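K.L.:
Here you go, sequence then predicted model.
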Amino acid sequence: MDDHEFREFVAARLERWRRSAYLMCDDWHTADDLVSIAVTKLYRHWREVRRADNPEAYAQKVLTRTWLSERRRPWRRERAAATLPDRPVPATDRITDRSSLAELLRMLGPRQRAVLILRFYFDYSAEQTADILQISVGTVKSQTARALRVLRHPTEA
């Protein structure tokens, strides 16, 4: 196993994976956890990743499936308290577009969110998205159409 090659592969993509995970889960701490889990899985299967036709897509598939898998394990997630013990620092430099995007993505189910992120954020084709999520191309198209309908008309959702 070539650890140096693995480290270079991860280092070149780490920030992109982190942003992708954040778009999926809408929480930076959870995003970091997801990326850590995905990197561990990639390391364990590095020979397969290296031999894949598209190692980047293979890695994105691992990250996306990790997120979908973790969503099914509610007992592993921490629960937020109703009140915080300290006052938060005001976020004066918050980007409003990012928060509105996060609000819109929260309106979608996990699979619809994953489909939109893969299709429009990463610009994967319907076929590539179907392969990553292990669903049919028709399901990708219908999930995309439904998700876009929800985003275009949020009051009807």
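P.N.:
Here it is on my side, so go on. Residues are numbered from 1 along each chain as shown.
K.L.:
domain parsing for the protein?
P.N.:
Split into domains by automatic domain parsing, the chain comes to 1-75, 96-157.
K.L.:
Could you dump the ones you listed into JSON lines and include mean neighbour count and mean pLDDT?
P.N.:
All C-beta spots, glycine's among them, are computed from the backbone N, C-alpha and C. Below are the domains of the chain laid out as JSON lines (neighbours: other C-beta atoms under 10 Å; pLDDT from 0 to 100):
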{"stretch": "domain 1-75", "mean neighbour count": "16", "mean pLDDT": "90"}
{"stretch": "domain 96-157", "mean neighbour count": "16", "mean pLDDT": "86"}
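K.L.:
Pull the residues that contact whichever helix or strand residue 113 is part of.
P.N.:
Using DSSP states H and E, residue 113 sits within helix 110-116. Contacts to helix 110-116, defined as C-beta atoms under 8 Å, 6 or more residues apart in numbering, come from residues 23-24, 64, 67-68, 71, 105, 108, 129, 133, 135, 140, 143-144, 146-148, 150.
K.L.:
And the next helix or strand after it, what does it pack against?
P.N.:
Next in sequence after helix 110-116, counting helices and strands by DSSP H and E, comes helix 126-133. Counting contacts by 3 or more C-beta pairs under 8 Å, 6 or more residues apart in numbering; DSSP states H and E, helix 126-133 packs against helix 55-71, helix 110-116, helix 137-152.
K.L.:
Show me what the last one is packed up against.
P.N.:
Here helix 137-152 touches helix 110-116, helix 126-133, going by 3+ C-beta pairs under 8 Å, 6+ apart.
K.L.:
That concludes my questions; thank you for your assistance.
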